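Q: With the sequence up front, the predicted model follows.
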Amino acid sequence: MSRVKGNIAEEKACRYLIELGHTIVERNFYARFGEIDIISSKDDVLHFVEVKSGEDYELAIQNITPTKLSRLIKTANVYMKKNALDVTFTFDAVIVTPNEIAIVENITL
């Protein structure tokens, strides 16, 4: 996916999360392990969000591989240490397709 399409998907995902009551804390947090697309907060829970887009839901969600999830977890740990945070957190995905946006909460390996 091109960076332009990725940026559009991330913008849509941010608007969607805000509609769900999230506050966007940070976007595109980089560490040596990888990147977290969106970090948001809702009800005292920190959400580390991976945004995936595609022509349909199945194609998009298949791009969340064990390797990608492992990098997300490592990068989130860096973020938590860097900011001295000891809070409840979860790993989520926002799937963006031409016809819908959906959140998958608490993704795991």
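A: Arrived safely, thanks for sending.
Q: Please identify the residue most distant from the middle of this structure.
A: The C-alpha centroid of the chain is most remote from residue 84, which lies 20.4 Å away (CA atoms, centre = their mean).
Q: Could you look up the SS state of that residue?
A: Of the three states, residue 84 takes coil according to DSSP: H, G, I helix; E, B strand; the rest coil.
Q: which stretch of helix or strand covers the residue most central in space within the chain?
A: Note on the chain: the residue nearest the mean C-alpha position is residue 49, at 1.6 Å, using CA atoms, centre = their mean. Residue 49 is part of strand 45-53 when elements are defined by DSSP states H and E.
Q: what do you get for residue 55?
A: Assigned by DSSP H and E, residue 55 belongs to no helix or strand.
Q: One more: the one 5 residues further on?
A: Here residue 60, judged by DSSP H and E, is contained in helix 57-61.
Q: Identify each buried residue in that helix, please.
A: Within helix 57-61, the residues that count as buried by 16 or more other CB atoms under 10 Å are 57, 60-61. For glycine as for every other residue, the C-beta is placed from the backbone atoms N, C-alpha and C.
Q: what does stretch 44-63 give?
A: 46-54, 57, 60-61.
Q: doesn't residue 52 make contact with residue 61?
A: Yes: using CB atoms under 8 Å, residue 61 makes contact with residue 52 at a distance of 6.5 Å.
Q: Need the residues touching each of these two.
A: Residues touching both residue 61 and residue 52 (CB atoms under 8 Å, 6 or more residues apart in numbering): 93, 95.
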